[in-house]
Each structure stands twice: as structure tokens, then as C-alpha cells.
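**Q** Next one to model:
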Amino acid sequence: MGSSKQDRKRDAMFAGSNDHDSKVGDSHATEGPSEVALADPPPTRRRTLELLVAVGTVAYAGALLVPAARFLGTSDGDHEKARWLRVAKLDALKENTPTRVPVRGAQRDAFTVTADVTLGSVWLARAGSEVRALSSECPHLGCAVDVVAGGASFGCPCHTSRFALDGKPESGPSPRGMDPLATRVVDGWVEVEFHKPGKAFVGLVHRLDRPARGLVAIARTSKGASRLSEQFRSRTVSKHYQAVVQGVPEQEQGELCDWLLSDERGSRVCKPGQGAQAVLRYRVASVQNGKALLDI
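**A** All right, here's what the predicted structure looks like:
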């Protein structure tokens, strides 16, 4: 049977396709993987692109590494650069009378800077136009040093260290005297060269009595220890205990007041007004078998 005109046209199309494939195959074998190759950019343009990529990479790495290096290389307890800060008016200080004043200024914490915050406190003593400044932090564990013995000396309320009014050590575990700070008077204002000596450490700011169990606050830096000690000294810290006592108190709730005196011989109960007042408030939580559970 003779082929139709349509069949002959189809055969011609297949034949043309085979010839094209053969030519392409020959071209692949002789000219490489592709007949159409992407042209390389001009050398000048390629060099410019490489430089832009390199600069962008360095800038991005620097943006990450510089803050990280600052964060890892500094801490709250490392040596700070000393700076002059105003603390009090000269006329407001009494002659030869220790006066504690707060030190306020900008505080840097990692990547942020906070203005006008309390950095610590110092003890000032005026003698005419001269002013002596002592750090209020105990050199032992960074507790807040206070005036004791009716203003005759300084003392640490936590660990019984005692210092003379000029800062020299008298007794207790402190390894040295109170740290002096340089002062100057500018336009009637007393300025101190304030810095935070010492590196980060771990310090106990309070204690638990031997029969007691509970949580103890630990300071990681001398600055933290000073602030925590100040909170305990000013009685802004609230401590809660539970105690089982023999017998039942007559009142369901009440208050017990004693006076404690701390010196080189240790701590002991004394007459009212001779030491620090200790106040204990209690409430009877439950009673069983002649014993009482108290919330203190």
C-alpha cells in the first residue's frame, strides 16, 4: 500500500530530527559540554566584586566580634577606670565627723550605659578645707562599713572587723585598712576619684545560725556584696523562717526584741541601747503534742 502524503511529511520530520541530533552529538564530542558558554566578566569588574565581598565579610565579622570581645574581656568586678564624681557640698560636711554620702554616675553594663545610678558610697571627713574619703566597702568581703561605738570607729556588722576613723585596721578578719580615695574641691563641691578596686569574687553577705537551714545569698562581685550588705543593714530584706519550739506561746502572734553587741570577743546579748536592735516577729501556725510550729 502506497504511503499517503501525510505519512511522507511525518517521515521527513523524523529524519530532520535525527540529523539534528547527530549534528549536536558531533558538536558535543568535538567542542565540549555546551555550545553556549557564559562569558566571564571583565577582569576589572570581577576584581571590584571580590573586593566588595571581602569588605562586607570583614565588616560583618567585626560587628559580631567587637561586642563579644568587650563582653568577654570585662566584668563588673574588673578594675574600672577611675573618674572624678561630685558627691557633696563642702559646706554640708561637719568638721571631723564621718558622713556617708552616695556616689552617683553613669554605669556601664556590657553593651548598655545607664546614667545617674548609685555606684556605691564613701565616708567623708572634713578638716577645714581638706576632705578625707574612705570607701564604705569592707576590704574583707565587701560588706557595708558603718560607724560604731558612738562614732568612735568604723565596723563591719557582718564579720566584726573594726577600723579607726582614719581607716586603719584595729581588729577582725579584714586583710587591710579601709581603702582611701583621692578628693578635691571644685566650685564648693567635693569630688572623689571613684573606682572599684579588686576583681570578681564570691562573697557571703549574711549567715545562718548553726541550728537553722535555708537559703544564703551570695554576691558574685564586690559591688554586689556592698549593695546586698546595705540592704541587710537598712533592714529592707525580709527573711522568713519556720521553727518547731517546745511548748506553746501564750499569744498566737507577737514580737521579741533584743539588743546584740558585736566586738572582738564576738556577738552577745547586751543591755538596751548598747548594741544593735534585733526584732523577731512570730505567728503560731499549728500546735501538736505540746509543741508549736512558728512562722517567723
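
**Q** pLDDT score assigned to the closest residue to Ala106 other than its chain neighbours?
**A** Closest residue to Ala106 in three dimensions, ignoring its sequence neighbours and counting by CB to CB, 6 or more residues apart in numbering: Ala115, at 5.0 Å. C-beta coordinates here come from the backbone N, C-alpha and C atoms, glycine included. Ala115 is assigned a pLDDT of 84 by the prediction.

**Q** Count the neighbours of Ala115 for me.
**A** Look at Ala115: counted by other CB atoms under 10 Å, it has 8 neighbours.

**Q** three-state assignment of it?
**A** Judged by DSSP: H, G, I helix; E, B strand; the rest coil, the three-state class of Ala115 is strand.

**Q** Now do the helices in the stretch 101-250 of the chain.
**A** Assigned by DSSP state H, counting those that start in this stretch, the helices in the stretch 101-250 of the chain fall at 222-233.

**Q** which stretches of the protein have low pLDDT?
**A** Under the criterion pLDDT under 70, the flagged ranges of the chain are 1-43, 45-46, 55-56, 58-82, 109-111, 196-202, 209-210, 222-223, 264.

**Q** Could you verify my assumption that the residue nearest to Ala106 touches Arg104?
**A** No: counting by CB atoms under 8 Å, Arg104 is not a contact partner of Ala115; they are 9.3 Å apart.

**Q** From Ala88, how far off is the residue nearest to Ala106?
**A** Distance from Ala115 to Ala88, counting by CB to CB, to the nearest Å: 20 Å.

**Q** Does Arg86 belong to a helix, a strand or coil?
**A** Counting by three-state DSSP, the backbone at Arg86 sits in strand.

**Q** so it makes contact with Glu193?
**A** No: counting by CB under 8 Å, Arg86 stays clear of Glu193, with 11.8 Å between them.

**Q** any chance you could map the strands in the stretch 101-250 of the chain?
**A** Secondary structure of the stretch 101-250 of the chain (DSSP state E, counting those that start in this stretch): strands at 112-127, 130-135, 146-148, 153-155, 162-163, 169-171, 180-181, 183-186, 189-194, 203-204, 218-219, 242-246.

**Q** what angle separates the first one from helix 222-233?
**A** Read it as strand 112-127. Angular relation of strand 112-127 and helix 222-233 on a 0 to 180 degree scale: 70 degrees, by axes from the mean of the first three to the mean of the last three CA atoms, to 10 degrees.

**Q** quick one on the thing from earlier: export the strands of the stretch 101-250 of the chain as CSV, with columns for distance to Gln231.
**A** Compiled in CSV, the strands of the stretch 101-250 of the chain are given as follows (distance: least, CB to CB, whole Å):
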stretch, distance to Gln231
strand 112-127, 12
strand 130-135, 18
strand 146-148, 13
strand 153-155, 18
strand 162-163, 22
strand 169-171, 25
strand 180-181, 23
strand 183-186, 27
strand 189-194, 21
strand 203-204, 14
strand 218-219, 11
strand 242-246, 23
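
**Q** my guess is Leu181 contacts Leu134, does it?
**A** Yes: with contact taken as CB under 8 Å, Leu181 and Leu134 are classed as touching, separated by 7.0 Å.

**Q** out of the two, which sits in the more crowded spot?
**A** A count of neighbours by other CB under 10 Å puts Leu134 above the other of Leu181 and Leu134, at 23 against 20.

**Q** need the contact list for that one.
**A** By CB atoms under 8 Å, 6 or more residues apart in numbering, Leu134 lies in contact with 122-123, 125, 154, 167, 178-181.
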